[in-house]
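1. predicted model follows, preceded by the sequence.
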Amino acid sequence: MFQLAPLPFSVNALDPQLGTQTIEIHYGKHHQTYVDNLNKLVAGTSLAATRLEEIIVATANDVKAAGIFNNAAQVWNHSFYWECMQPQGGGKATGKVAELISAKWGSFEKFAEEFKSAGLSQFGSGWAWLVLDKGEPAITKTANADTPLAHGQKPLLTVDVWEHAYYLNYQNRRAEYLDVFIGKLINWDFVNSNL
Ligand code: MN
């Protein structure tokens, strides 16, 4: 059985940037439902004892396994997203990631602008990412449940831009949510730990 990974902070820890109700519903309902659906879909199959990352890679290009892929990827993406945030986080990158960003984008501000733009321009539901692609830092976006793991990329940072991630706090103002995520929520220690 796959389990819902523990939240790395309490449900009210990101308030007011992301309020308690946002986290309770996003984590306790949406993320939990992906876990429950995945468990139902793989019950009695060899995938029930397979690592989540392996399920994602194995089902990524299999249209018959789309339900399994979507739920497995959403389980993984959300666990990763929670770790990408912390109270009093955000602001300029630190550590080795700061060096990679300045080598690739010239300045943190330029990186932040492009990361925000990736999140804003994802039409409909999806995710924006900082990844390593063949060892090179890159900003990407994915639709719905899609994830860099399915494309051979190494995720370093993500932001969920499904409306359920921000609607209770920001309604239609995705740009404001992205500004707050970058300015006040990113856990750069976690991002560095993914290198
Ligand atoms: Mn979500």
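-> Looks like it arrived, so ask away.
2. so Asn71 sits in a helix?
-> Yes - if the criterion is DSSP: H, G, I helix; E, B strand; the rest coil, then Asn71 is within a helix.
3. and it, how far from the ion?
-> Applying C-beta to the ion, to the nearest Å, the value for Asn71 to the ion is 12 Å. The C-beta positions use only the backbone N, C-alpha and C, and glycine is treated the same way.
4. equivalent analysis for Asp189, please.
-> 22 Å.
5. just the element for that residue, please.
-> helix 188-193 (DSSP states H and E).
6. for that helix, buried residues please.
-> 188, 190-192 (16 or more other C-beta atoms under 10 Å).
7. among these, which one lies nearest to the ion?
-> The shortest approach to the ion among these belongs to Phe190, at 17.4 Å (C-beta to the ion).
8. check contacts around the residue nearest to that closest one when sequence neighbours are not counted.
-> Spatially, and ignoring its direct neighbours in sequence, Phe190 is nearest to Glu83 (4.9 Å; C-beta to C-beta, 6 or more residues apart in numbering). By C-beta atoms under 8 Å, 6 or more residues apart in numbering, the residues touching Glu83 are 8, 187, 190.
9. phi and psi next, for Glu83.
-> When read as degrees, to the nearest 10, the backbone of Glu83 gives phi -70, psi -20.
10. domain ranges for the chain?
-> 20-83, 95-193 (automatic domain parsing).
11. just the buried positions in stretch 84-101, please.
-> Quick answer for stretch 84-101 (16+ other C-beta under 10 Å): 84-86, 89-90, 92-93, 97-98, 100-101.
12. what about it, start to end distance?
-> 17 Å (C-alpha to C-alpha, to the nearest Å).
13. got a list of contacts for that stretch?
-> 8-9, 13-14, 18, 108, 111, 137, 156-159, 180-192, 195.
14. please list the residues of this protein that sit near the ion.
-> 160, 162, 165 (C-beta under 5 Å from the ion).
15. what segments of this structure are helices?
-> Counting by DSSP state H, the chain has these helices, from start to end: 20-25, 32-42, 52-59, 66-83, 95-105, 108-121, 167-170, 174-180, 188-193.
16. and the fourth one, how far out from the chain's middle?
-> Using C-alpha atoms, centre = their mean, to the nearest Å, we find the averaged C-alpha position of helix 66-83 to lie 8 Å away from the chain's own average C-alpha position.
17. report the buried residues of it.
-> 68-83.
18. the residues you listed: which two are farthest apart?
-> Ile68 and Glu83 (23.2 Å; C-beta to C-beta).
19. mind listing what the residue nearest to Asp179 when sequence neighbours are not counted touches?
-> Leaving aside its sequence neighbours, Asp179 sits nearest to Lys116 (C-beta to C-beta, 6+ apart; 7.0 Å). Shown in contact with Lys116 (C-beta under 8 Å, 6+ apart): 175, 178-179, 182.
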